[in-house]
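>>> Okay, here's the prediction I keep looking at, along with the sequence it came from:
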Amino acid sequence: MTEKIFEMQHIDKLYGTLLANNDVSIHLNQGEILCLVGENGAGKSTIMKILYGLEQPTDGEIYVKGEKVRFHTPSDAMAKGIGMVQQHFMLFENMTVAENIVFKNEIRKGLFMDRKRTVETVKELSEKYGLKIDPEAKIEDCPVGLRQRVEILKILYQSAEIIIFDEPSAVLTPLEVDSLLETIKSLAASGKSIVLITHKLQEVMAVADRIYVMRAGKVVAERLRGETNTDELAFLMVGHHPALRDVAAPQPGEVLLETKKLSLHREHRDILKDVDLHVNAGEVVGIAGVSGNGQTELELCLTGLERPTEGQVFLLGKEVTNASVKTHRDSGMAYISEDRYLWGSAAEGALSENVLMAKENRAEFNRYGFLKHDAIKEYTEKLIKRFDVKANDTDQKIRELSGGNAQKLITAREIMMDTPVLICCEPTRGIDIGAMEFIHDQILEKREKGCGVLLVSSELSEIMTLSDRIYVLFEGKIAGEFKRGAVDEKTLGILMLGGRRDETEKIRQ
Ligand SMILES: Nc1ncnc2c1ncn2[C@@H]1O[C@H](COP(=O)(O)OP(=O)(O)OP(=O)(O)O)[C@@H](O)[C@H]1O
Ligand SMILES: [Mg+2]
């Protein structure tokens, strides 16, 4: 019989009157990879935060290796061998990889840290688990995928036996995702036990041994990987099969957004080089690319958050190259930011305040400088209802929403702005497959109304489904331009990795 490494029985978690976990009973076997799936707000993060000691259960019991436990802090959980890789990494930028890994558990020589032994120990650890890192590199120089590796090593250094991952792939490039999945598999093979929360069902099918599906705080299904498939899991999560979309031909109008030779140099490097692109009215234009090829900087230059070194940006025929974010917004641009917490929202602000952002001067919400609170509340309620954001009330802080629901609120806010141009970056990151369909419908509806949408997404399927035209961005340059249907996923994939476009004809309007 396999040993249950942990078991949670009849867990309830109340936030005010909201039952985030409702009689949840789950367990994990030694050496197993367990996936938790379910719609946004289903209670996945909550149940794992309880296991990791970040939250206290309202009711229920937890056993680790048969012993009843009660965790008050993550250190209590860590002492019993439970570690969690957080989505927002908790690393110190100006310290080295090795220093971060041993932080709070330093190897000492007398009063001081023993640098040599620290580096050696970290090296051994990284070799043992096949997680390649440079112990002496500074964190600030490490890309996201590497930082995640450091987080994992930090947990392994503290001898964790159970490792919890909460949507670890949301921030990674496709290559980094592959390597993460390999790491997860090899950790399990070496006897560690894993919990993985993800919305990506291909990842589930690639690594899971067993799967729990959660809905509205409850576990509604349990499956072995071998007895299920992505279609069934999707159905169990959202209650219907995802629809195949038939998109009508676009009716492009005049040019709404245009860049001319847009370039950005940083530290003697071309981050963006001579980018010429345009978005017409009634068109969704996709930017395909492996993240890190200039998408983020393009996004920042287009919205006024960063000044390009050379070139120009035109919005509705007017030059806005070095104009402020406010000018961009006032001239008719809405913007769903790739980083919802950095640019997109104020985490401590109420939902209504976050919804009001960039609209505080509109007559419907403001009278002679006084905010019309009832109107704001009503608008927020409308938006929450229409986009099915799971929230208690409009005064709630945005950081109390589940990750996907916070994303939905911001996406909703920007889509509801009646602007002619929408810049849409990773609009469905962390969003469940049911809500994803809804957001895609909203984007297409904007296009029907004549809005010009620029869609930046690392999900190739999202780009392929929605875009009327696609630009491929590689190392800051446009490496190809295609109309809908003129390119397949494979060719795009090759171009995204810097391959050449030999047979595929470049098209221009
Ligand atoms: N600190 C909090 N205060 C109030 N409500 C909370 C708090 N944390 C979570 N909730 C609520 O509990 C419910 C479950 O949230 P949880 O974060 O567990 O969802 P999730 O399944 O992880 O969703 P997602 O896929 O969007 O990350 C949500 O409705 C959320 O709004
Ligand atoms: Mg979550």
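That came through, no problem. Quick caveat, the model's predicted, so the values are computed rather than measured. Ligands and ions are numbered 1, 2, ... in the order given.
>>> rest of the way, CA atoms for contacts and neighbours
Noted.
>>> isn't T73 right up against L54?
Yes - if you go by CA atoms under 8 Å, T73 and L54 touch, sitting 5.8 Å apart.
>>> Who has more neighbours out of the two?
A count of neighbours by other CA atoms under 10 Å puts L54 above the other of T73 and L54, at 18 against 14.
>>> Can you name the residues that contact I376?
Counting by CA atoms under 8 Å, 6 or more residues apart in numbering, I376 touches S352, L356, F365.
>>> Is the last one in contact with E378, as I believe?
Read that as F365. No - counting by CA under 8 Å, F365 stays clear of E378, with 10.4 Å between them.
>>> Who has more neighbours out of those two?
Using other CA under 10 Å as the criterion, F365 and E378 rank with F365 on top: 19 against 13.
>>> Name the nearest residue to that one, ignoring sequence neighbours.
Excluding its sequence neighbours, the residue lying closest to F365 (CA to CA, 6 or more residues apart in numbering) is K372, at 5.0 Å.
>>> List the residues that contact the one you found.
K372 neighbours (CA under 8 Å, 6+ apart): E364, F365, N366.
>>> With V313 instead?
L257, E258, T259, K260, L262, L302, E319, V320, T321.
>>> contacts with ligand 1 among the residues you listed, please.
The subset of the contacts of V313 within reach of ligand 1, counting by CA under 6 Å from any ligand atom, is empty.
>>> Could you find the closest non-adjacent residue to V255?
Using CA to CA, 6+ apart, the nearest residue to V255 is N280, at 4.2 Å.
>>> Tell me the spacing between the one you found and ligand 1.
To ligand 1, N280 is 33 Å away according to CA to the nearest ligand atom, to the nearest Å.
>>> and if you look at I11?
From I11 to ligand 1 the distance is 13 Å (CA to the nearest ligand atom).
>>> just I101 next, same as before
Separation of I101 from ligand 1 (CA to the nearest ligand atom): 27 Å.
>>> V255 too?
As for V255, its distance to ligand 1 is 36 Å (criterion: CA to the nearest ligand atom).
>>> residues contacting that residue?
By CA under 8 Å, 6+ apart, the contact set of V255 is H278, V279, N280, A281, L316, G317.
>>> ok, now G253?
N280, A281, G282, G450.
>>> does it count as helix, strand or coil?
Following DSSP: H, G, I helix; E, B strand; the rest coil, G253 is assigned to coil.
>>> circling back: output the contacts of I376 as TSV; include the columns pLDDT.
Putting those into TSV (pLDDT from 0 to 100) gives the following:
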residue	pLDDT
S352	84
L356	76
F365	78
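>>> And those residues, which is closest to ligand 1?
Nearest to ligand 1 out of those is S352 (CA to the nearest ligand atom; 15.0 Å).
>>> re the thing from before, so of the contacts of K372, which ones are in strands?
Of these, the ones assigned to strands by DSSP state E are N366.
>>> in stretch 63-80, what's buried?
Within stretch 63-80, the residues that count as buried by 16 or more other CA atoms under 10 Å are Y63, V64, R70, F71, P74, D76, A77, M78, K80.
>>> Give me the subset of those lying in helices.
When the buried residues of stretch 63-80 are checked against helices (DSSP state H), the matches are P74, D76, A77, M78.
>>> pLDDT at the first one, what is it?
Translated: P74. pLDDT for P74: 94.
>>> List the contacts of V456.
By CA under 8 Å, 6+ apart, the neighbours of V456 are G286, I287, A288, Q295, I423, C424, C425, E426, I463.
>>> one more time with 6 Å, if that's ok
Contact analysis of V456 by CA atoms under 6 Å, 6 or more residues apart in numbering lists G286, I287, C425.
>>> Could you check the pLDDT of it?
For V456, the model assigns a pLDDT of 95.
>>> same question, the one 4 residues further on
Residue-level confidence at L460 comes out at 86, pLDDT.
>>> what's around the residue nearest to it when sequence neighbours are not counted, how many residues?
The shortest distance from L460 to any non-neighbouring residue, by CA to CA, 6+ apart, is to A288 (6.8 Å). Other residues within reach of A288 by the criterion other CA under 10 Å amount to 30.
>>> what's the answer for the one 4 residues further on, then?
Other residues lying near G292 total 15 when counted by other CA under 10 Å.
>>> how much space between it and ligand 1?
Distance, G292 to ligand 1, by CA to the nearest ligand atom: 24 Å.
>>> quick one, phi/psi of that residue?
For G292, the backbone dihedrals (degrees, to the nearest 10) come out as phi 100, psi 0.
>>> What separation do you get for it and V285?
Look at G292 and V285: by CA to CA, to the nearest Å, they are 19 Å apart.
>>> Mind checking what secondary structure K260 has?
Following three-state DSSP, the label given to K260 is strand.
>>> Name the nearest of the ones in helices among the buried residues of stretch 63-80 relative to ligand 1.
P74 (16.1 Å).
>>> So for stretch 60-75, first residue to last residue, what's the gap.
Stretch 60-75 has an end-to-end distance of 21 Å (criterion: CA to CA).
>>> do stretch 37-57 as well
20 Å.
>>> and that stretch, what's its mean pLDDT?
96.
>>> Now look at it and say if it contacts ligand 1.
Yes - remark: stretch 37-57 sits within contact range of ligand 1 at E39, N40, G41, A42, G43, K44, S45, T46, by CA under 6 Å from any ligand atom.
>>> Now intersect the residues you listed with the helices, please.
Members of these lying in helices (criterion: DSSP H): K44, S45, T46.
>>> Can you tell me the closest non-neighbouring residue to the first one?
If you skip the residues right next to it in sequence, K44 has L36 as its closest partner in space, 6.6 Å away by CA to CA, 6+ apart.
>>> Just the element for that neighbour, please.
Using DSSP states H and E, L36 falls within strand 33-38.
>>> What strands flank that strand, and is each parallel or antiparallel?
Applying DSSP bridges, strand 33-38 is found paired with strand 193-197 (parallel), strand 210-215 (parallel).
>>> Deepest in the core, which of the ones you listed is it.
Across the strands paired with strand 33-38, the average number of neighbours (mean count of other CA atoms under 10 Å) peaks for strand 193-197, which reaches a mean of 24.
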